[in-house]
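Peer 1: Got a predicted structure here, sequence first:
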Amino acid sequence: MHVRGYIGIFGALLVLTLVTVGVSYLQLPTVPTIVLGLAIASAKATLVVLFFMHLKTERAMVYWPLALTVFLFAMLFAFTLWTEMDHITL
């Protein structure tokens, strides 16, 4: 990938960061704000992983441990939310 591509990805990350800040000023309810913020953060993380960590051109063998990590993180996150649900007030 040439420098121009990296600058484009940097620009996309910058725009997504500004969108995240803009969403915080929209005064949306809590749940949609969190979902939207996590969606934007996931998009940014995907860009970083694919382009700056060069996983876009890796073999499929690299994706299995990555998929397992994502799955285990999601389960840990879901379990934490499930156990703490009685403390959360929306």
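Peer 2: Looks like it came in fine. Numbering: from 1, shown residues only.
Peer 1: Only C-alpha atoms from now on, for both contacts and neighbour counts.
Peer 2: Fine.
Peer 1: can you list the domain ranges for the protein.
Peer 2: Under the assignment automatic domain parsing, the domains of the chain span 1-57, 59-90.
Peer 1: Low-confidence ranges, the protein, go.
Peer 2: Scanning the chain for pLDDT under 70 picks out 1, 57, 88-90.
Peer 1: if you set the cut-off to 80 instead, what comes out?
Peer 2: Scanning the chain for pLDDT under 80 picks out 1, 54-63, 85-90.
Peer 1: okay, which residue is most central for it?
Peer 2: Ser42 (1.4 Å; C-alpha atoms, centre = their mean).
Peer 1: what does the host helix or strand of that one contact?
Peer 2: Using DSSP states H and E, Ser42 maps to helix 30-47. By C-alpha atoms under 8 Å, 6 or more residues apart in numbering, the residues outside helix 30-47 that reach it are Ile9, Leu13, Leu16, Thr20, Val23, Ser24, Leu90.
Peer 1: Just the C-alpha atoms of the longest helix seen in the chain, please, in CSV.
Peer 2: If you go by DSSP state H, the chain has its longest helix at helix 60-83. The C-alpha trace of helix 60-83 is given here as CSV (Å, rounded to 0.1, in the frame of the first residue of the first chain):
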residue,chain,number,x,y,z
ALA,A,60,-6.7,-17.4,6.6
MET,A,61,-4.8,-19.1,9.3
VAL,A,62,-4.3,-15.8,11.1
TYR,A,63,-8.1,-15.1,11.2
TRP,A,64,-9.0,-18.2,13.3
PRO,A,65,-7.2,-16.9,16.5
LEU,A,66,-8.5,-13.4,15.8
ALA,A,67,-12.1,-14.7,15.5
LEU,A,68,-11.7,-16.7,18.7
THR,A,69,-10.4,-13.6,20.5
VAL,A,70,-13.4,-11.5,19.3
PHE,A,71,-15.8,-14.3,20.3
LEU,A,72,-14.3,-14.6,23.8
PHE,A,73,-14.2,-10.9,24.2
ALA,A,74,-17.9,-10.7,23.3
MET,A,75,-18.8,-13.5,25.7
LEU,A,76,-16.8,-11.8,28.5
PHE,A,77,-18.5,-8.5,27.8
ALA,A,78,-22.0,-10.1,27.6
PHE,A,79,-21.4,-12.0,30.8
THR,A,80,-20.2,-8.9,32.6
LEU,A,81,-23.3,-7.0,31.5
TRP,A,82,-25.6,-9.9,32.4
THR,A,83,-24.2,-10.1,36.0
